[in-house]
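A.B. asks: Starting from these lines, generate the structure:
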Amino acid sequence: MVQTGIERLVTDPSVSKILKGKRLGLLANPASVNQKLEHSRDLLAQAFPGQLKALFSPQHGFFSEKQDNMIASSDIRDPFLKIPIFSLYGPRRIPEQEMLELIDTLIIDLQDVGTRVYTFIYTMALCLEAARKYEKEVVVLDRPNPIGGNQIEGNCLNTDYTSFVGMYPIPMRHGLTVGEIARLFNEHFGIGCNLTVVPMSGWKRDMYFSDTSLPWVIPSPNLPTPASALVYPGQVLWEGTNISEGRGTALPFELFGAPFIKPAFLKDLSEQVEYPGVHLRCAGFEPTSNKWQGTLCYGFQLHMTDPMRFQPYKTTLSLLQAVLKAYPEELEWKKPPYEYEYEKLPIDLIIGDQEIRKAIESFEDIESIEARWADGLKEFEEIRKEYLLY
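C.D. replies: Sure, this is the predicted structure:
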């Protein structure tokens, strides 16, 4: 059985003693639960009576109520504990001194999804920086990487494209737990705060989320299932285009398409190209919100057949190139802003390197594009070894 960091913290006296007498803050959202779906806020309030002084929320809000990017959450008061909830997503993404003056130790309990562009890990990194600046302790409660701890994939971020969807040169699929990547950021990238990671017990690197027996609670509104998390490292690329990534449907990121894509093209593509570990089913859908709202779109639903063989980033790059080749006039790169970046193209921020986007536009062979990042990926593989906990 997998026991997460929060469960170990509140049940193991040898772990919980680190918080004795400390004023506590908690960065969390709805996915911050234990096996019984009890929220970390309530577990901490019970285990450390009177010590929890403030709550903090990442993108989408403490209740994961905000749907899309660049929709800021407001500061509110927790309806149960009557303590402040400070939003760390919006124009303000770094905890301010007056917020941290309420606490001695910031506890971070977030369900990451194992993808470079997911903003939760950068909210965590900015909290580590603020904690160092204002001399606060940070305790990260570890959780599984839902897409496994062995596979890494994609190019490492070109630091010319640093943004809130990529603050450090890591690959698209990093293969680290949230606790491990906290250690990487803090030590390898030199943040240098007073950091403690509470590891899980029972988790193994070859586990996907479905292997953990843990309940899945959406970490953000458009990742409703573990399957959506598995395709996300590739399917998030559609956010940088005018192709629907399935927002406004019941299958965000598992579905993608647009009104200008023809079913005959989809049929030919699915029959002519093999995509390991996944089956592409031709689909029609009508988004109820976001891109192409109320308009019939044609595209694919990705059905996982073998997660071990599936390479989400390479698969979607290949699909993106095929759609661009077939519809060069219709496919468009989304214009800024994107995640508070107002100049660079969103697709370049998501990919993390303009040159790879240009290679796709030039119809360079996908295998050749993949070779471009091979050395960087090997270097990252060596770097990350020092920070593995499992």
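
A.B. asks: When you work out contacts or count neighbours from here on, use the C-alpha atoms and nothing else.
C.D. replies: Fine.

A.B. asks: Tell me which helix or strand Arg281 sits in.
C.D. replies: Element membership for Arg281 (DSSP states H and E) is strand 278-285.

A.B. asks: nearest residue to the residue most central in space within the chain other than its sequence neighbours?
C.D. replies: Geometric centre of the chain, nearest residue: Tyr118, 2.8 Å, by Cα atoms, centre = their mean. Distances taken as Cα to Cα, 6 or more residues apart in numbering place Val165 nearest to Tyr118, at 6.2 Å, with adjacent residues excluded.

A.B. asks: Check the burial of the one you found by counting its neighbours.
C.D. replies: A count of neighbours around Val165, defined by other Cα atoms under 10 Å, yields 25.

A.B. asks: Show me what the strand holding Arg281 is packed against.
C.D. replies: Counting contacts by 3 or more Cα pairs under 8 Å, 6 or more residues apart in numbering; DSSP states H and E, strand 278-285 packs against helix 263-272, strand 297-304.

A.B. asks: Alpha carbons of the first one, as CSV, please.
C.D. replies: So the one you mean is helix 263-272. Output of helix 263-272 as CSV, limited to C-alpha atoms (Å, rounded to 0.1, in the frame of the first residue of the first chain):
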residue,chain,number,x,y,z
PRO,A,263,-12.5,12.9,-41.2
ALA,A,264,-10.9,11.4,-44.3
PHE,A,265,-7.5,12.9,-43.2
LEU,A,266,-7.9,11.4,-39.8
LYS,A,267,-8.7,8.0,-41.3
ASP,A,268,-5.7,8.1,-43.5
LEU,A,269,-3.4,9.2,-40.7
SER,A,270,-4.5,6.6,-38.2
GLU,A,271,-4.1,3.8,-40.9
GLN,A,272,-0.7,5.0,-42.2
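
A.B. asks: buried stuff in stretch 206-223?
C.D. replies: 207-209, 212, 214, 216-223 (16 or more other Cα atoms under 10 Å).

A.B. asks: And those, which is closest to Leu55?
C.D. replies: Nearest to Leu55 among the buried residues of stretch 206-223 is Pro219, at 16.6 Å by Cα to Cα.

A.B. asks: Okay, that closest one and Tyr118: tell me how far apart.
C.D. replies: Look at Pro219 and Tyr118: by Cα to Cα, to the nearest Å, they are 10 Å apart.

A.B. asks: Need the phi and psi values for the closest residue in space to Glu137 that isn't next to it in sequence.
C.D. replies: Excluding the flanking residues, the one nearest Glu137 by Cα to Cα, 6+ apart is Thr105, at 4.6 Å. Thr105 adopts backbone torsions of phi -130, psi 130, taken as degrees, to the nearest 10.

A.B. asks: okay, now Ser368: neighbour count?
C.D. replies: Ser368 has 10 nearby residues by other Cα under 10 Å.

A.B. asks: After whichever helix or strand it is part of, which helix or strand is next?
C.D. replies: Assigned by DSSP H and E, Ser368 belongs to helix 366-372. Going down the chain from helix 366-372, the next helix or strand is helix 374-384, by DSSP H and E.

A.B. asks: That following helix - what's its average pLDDT?
C.D. replies: Averaged over helix 374-384, pLDDT sits at 98.

A.B. asks: Give me the buried stretch members for that helix, please.
C.D. replies: Result for helix 374-384 [16+ other Cα under 10 Å]: buried residues Gly376, Leu377, Phe380, Glu381, Arg384.

A.B. asks: any residues in contact with both of Pro219 and Tyr118?
C.D. replies: Both Pro219 and Tyr118 are contacted by Asp112, under the criterion Cα atoms under 8 Å, 6 or more residues apart in numbering.

A.B. asks: was I right about Glu7 contacting Asn34?
C.D. replies: Yes: between Glu7 and Asn34 there is a contact under Cα atoms under 8 Å: 6.3 Å.

A.B. asks: In the stretch 151-300 of the chain, what residue spans correspond to strands?
C.D. replies: Under the criterion DSSP state E, counting those that start in this stretch, strands of the stretch 151-300 of the chain are mapped to 194-198, 255-258, 278-285, 297-304.

A.B. asks: Could you name the helices and strands sitting against the second one?
C.D. replies: When contacts are defined as 3+ Cα pairs under 8 Å, 6+ apart, strand 255-258 sits against strand 297-304.
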